[in-house]
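**Q** Below is the sequence, then the predicted model.
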Number of protein chains: 2
Amino acid sequence: MPILVVGSVAFDAVKTPFGERERILGGSATYFSVAASFFTDVRLVAVVGEDFGPSDEAVFHEREIDTSDLERVSGRTFHWSGEYGYDLNVAHTRDTQLNVFADFKPKLSAAAKETPYLFLGNIQPQLQVDVFEQVGARLVAADTMNYWINNTPAELAEMLKHIDILVINDAEAREIAKEANLVRAARRILSMGPSRLVVKRGEYGAAMFTRESYFATPAYPLEEVFDPTGAGDSFAGGFMGYLAATNAVDEAAFRRGIIYGSVMASFNVEEFGCERMRRLTHNDINARFRELRVFSNFEEAEMPPF
Amino acid sequence: MPILVVGSVAFDAVKTPFGERERILGGSATYFSVAASFFTDVRLVAVVGEDFGPSDEAVFHEREIDTSDLERVSGRTFHWSGEYGYDLNVAHTRDTQLNVFADFKPKLSAAAKETPYLFLGNIQPQLQVDVFEQVGARLVAADTMNYWINNTPAELAEMLKHIDILVINDAEAREIAKEANLVRAARRILSMGPSRLVVKRGEYGAAMFTRESYFATPAYPLEEVFDPTGAGDSFAGGFMGYLAATNAVDEAAFRRGIIYGSVMASFNVEEFGCERMRRLTHNDINARFRELRVFSNFEEAEMPPF
């Protein structure tokens, strides 16, 4: 089944301890759609400015991502500039220029409105609700961030009532629930609307909560984390892309989705931007899936009699 | 097979957001031996002062821990006072009084010297080597801490040459290796002596490295973490206790050991001191082992054709 993603397309300037780049094609919708495109047909809704050129668009076209709903307006594309120290878990924002993204009102074509899977990237919660209401999706997931949690809590609460799955990080889960313990925070969030909560934990992996089940996986162990930008969105792309491809809604499928999400994130952070993902093959992805099974496997046991 | 633990017995004053206690029986050897005692015979080498009384000793006796090598000297027992905020991963030390522990020179009986499994709790690395050289153990594991890493690096390096397994936390692994990336840090530590490195990650679980293998598990998810003191030592007690009980040295046994370690740590943090562990049954432990299998299980898959 095809999937629709609404979010940002951006040009990022990124500095890490391992290098620096002035203009990387980034943004939540970019990372999500490239990751999801290995699993299913992806349609992108976002806005770009006049500085978005053919070589940028080629990134989407080479992955056969449908850009008919990518709006082009006068002005400059969203720009984020950030830096990471040796603790790659923490991004230090140097500059944010919303540019054309400041007035982004997602415009959906008739085809977009009929997409059965929907991912609402990190944008204003009210816009997320607007999109949700126009799309007759059978499964809807959303991301958000601390800015919306703190500044638009009512809109965020409204958004949570509509979606099936919330995909956020540790700190965001604790902030939404105002609760330091993650298990209790998850219970609280699940009482606010979504039937499933996925918590991204960076180098520690991911956890998934429903009212009846719990699943957790360690991250794929990497010797070289080069640029963590986009890890969360490529995770969400692998997760939702797999679910859309299989059209399954059982717990086992969601768990495999978490593993595919972990695999896509692990590749994404190995190079700047989408560079590593652009060279991926299905075999690369399957190989890391199998490795994660080996890394986390242990046998049944009973305590020895004593 | 029986196991010998050398470490501290202490009286701790602990304050957490959930309560406060002035005098808790703690110390690395206490947490380790109580956890390991559910799996095998445990012999304890430590020192206490005149304030160590029958009700303290009863904690060991009720678990049938052999205290014949527990030395009693004049003076007061080691005292640690600490506080935790809502981030229970970080202990703030208010006071440390080494007392009788300052001059601790482990004295081993003939029986102690013949114990086949040995755990060197967090004491001066030179003392760890002294103990190692007196005991003909077939499997030796050790813990250490930032103080020894920074102040006695040569002694620590010497200690690492002798042991089979190093059991430490994330931050300690990065400090020993002077390397931020955990996978590279692990490789460096494995080049310094031990054939196996176990990394404790608190609420994120644990990871285990050898030169040929990698294993990681999420932690048992808890809604109530009451007092994290002793989590690492109860983990080590479950891990080494299981290995000693089964006398197995294959990768599958080590992995089950990591799970038993995680289970013991999860119980330990639910109440002050060893209180929760003292009431445990084999059924409680087996139940959480099985739950951790359910929480981390996912099926094989290939990417859907696309």
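**A** Happy to help now that I have it. Numbering: from 1, shown residues only, chains lettered A, B, ... in the order given.
**Q** Lowest mean pLDDT among the helices and strands of chain A, which one is it?
**A** In chain A, no helix or strand scores lower on mean pLDDT, DSSP states H and E than strand A:91-97, which sits at a mean of 93.
**Q** Report the secondary structure state of the spatially most central residue of chain A.
**A** Nearest to the geometric centre of chain A sits A:D233, at 2.4 Å (C-alpha atoms, centre = their mean). Following DSSP: H, G, I helix; E, B strand; the rest coil, we place A:D233 in the helix state.
**Q** where's it relative to chain B, distance?
**A** The spacing between A:D233 and chain B, counted by C-beta to the nearest C-beta, to the nearest Å, is 19 Å. C-beta: built from backbone N, CA, C; applies to glycine.
**Q** ok, now which ones touch that residue?
**A** Shown in contact with A:D233 (C-beta atoms under 8 Å, 6 or more residues apart in numbering or on different chains): A:G7, A:S28, A:A29, A:T30, A:Y31, A:F32, A:A35, A:G121, A:D143.
**Q** Next: A:V100.
**A** Contacts of A:V100 (C-beta under 8 Å, 6+ apart): A:V47, A:V48, A:G49, A:V73, A:S74, A:G75, A:R76, A:T77, A:F78.
**Q** same thing but at 10 Å, please
**A** Going by C-beta atoms under 10 Å, 6 or more residues apart in numbering or on different chains, A:V100 touches A:9, A:46-52, A:71-78.
**Q** hang on, it in a strand?
**A** No - with three-state DSSP as the criterion, A:V100 is assigned helix and is not in a strand.
**Q** and it, how far is that from A:G26?
**A** Computed as C-beta to C-beta, to the nearest Å, the A:V100 to A:G26 distance reads 15 Å.
**Q** cool, and A:N146?
**A** From A:N146 over to A:G26 (counting by C-beta to C-beta), the distance is 19 Å.
**Q** Contacts only, for A:T217.
**A** Taking C-beta under 10 Å, 6+ apart, we find A:T217 in contact with A:201, A:204-208, A:255, A:258-259, A:261-262, A:292-293, A:295-296, B:205, B:216-218, B:295-296, B:298.
**Q** now stretch A:291-300, how far from the centre of its chain.
**A** 25 Å (C-alpha atoms, centre = their mean, to the nearest Å).
**Q** The residue nearest to the centre of chain A: what's its closest spatial neighbour, skipping adjacent residues?
**A** A:Y31 (3.6 Å; C-beta to C-beta, 6 or more residues apart in numbering or on different chains).
**Q** From A:L139, how far off is that neighbour?
**A** Taking C-beta to C-beta, one finds A:Y31 at 20 Å from A:L139.
**Q** the more surrounded of the two?
**A** Neighbour comparison, A:Y31 and A:L139: the larger count goes to A:Y31, with 31 against 19 (by other C-beta atoms under 10 Å in any protein chain shown).
**Q** quick revisit: between A:N146 and A:G26, who's got more neighbours?
**A** Using other C-beta under 10 Å, the more surrounded residue of A:N146 and A:G26 is A:G26, with 26 against 13.
**Q** And that one, its phi and psi?
**A** Here the main-chain torsion angles of A:G26 (degrees, to the nearest 10) amount to phi -140, psi -150.
**Q** do the same with the one 5 residues further on
**A** Here the main-chain torsion angles of A:Y31 (degrees, to the nearest 10) amount to phi -60, psi -40.
**Q** same check, this time on A:A207
**A** The phi/psi pair for A:A207 (degrees, to the nearest 10) is phi -130, psi 150.
**Q** pretty sure it contacts A:L197?
**A** Yes - look at A:A207 against A:L197 with C-beta atoms under 10 Å: they come within range, at 8.4 Å.
**Q** Pull up the overlap in contacts between these two.
**A** The contact sets of A:A207 and A:L197 overlap at A:A173, A:L182, A:A186 (C-beta under 10 Å, 6+ apart).
**Q** among those residues, which are in reach of chain B?
**A** Among the shared contacts of A:A207 and A:L197, the ones lying near chain B by C-beta under 10 Å from any C-beta of the partner chain are A:L182, A:A186.
**Q** Pipe the shared contacts of A:A207 and A:L197 into CSV and attach distance to A:F267 per row.
**A** As requested, the shared contacts of A:A207 and A:L197 are exported to CSV (distance: C-beta to C-beta, whole Å):
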residue, distance to A:F267
A:A173, 25
A:L182, 26
A:A186, 27
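**Q** out of the shared contacts of A:A207 and A:L197, which one sits closest to chain B?
**A** The shortest gap between chain B and any of the shared contacts of A:A207 and A:L197 belongs to A:L182, at 7.3 Å (C-beta to the nearest C-beta).
**Q** tell me the contacts of the residue nearest to that closest one when sequence neighbours are not counted?
**A** Spatial nearest neighbour of A:L182, chain neighbours left out: A:A173 (6.3 Å); criterion: C-beta to C-beta, 6+ apart. Shown in contact with A:A173 (C-beta under 10 Å, 6+ apart): A:149, A:166, A:179, A:182, A:185-186, A:188-189, A:197-201, A:207, A:209.
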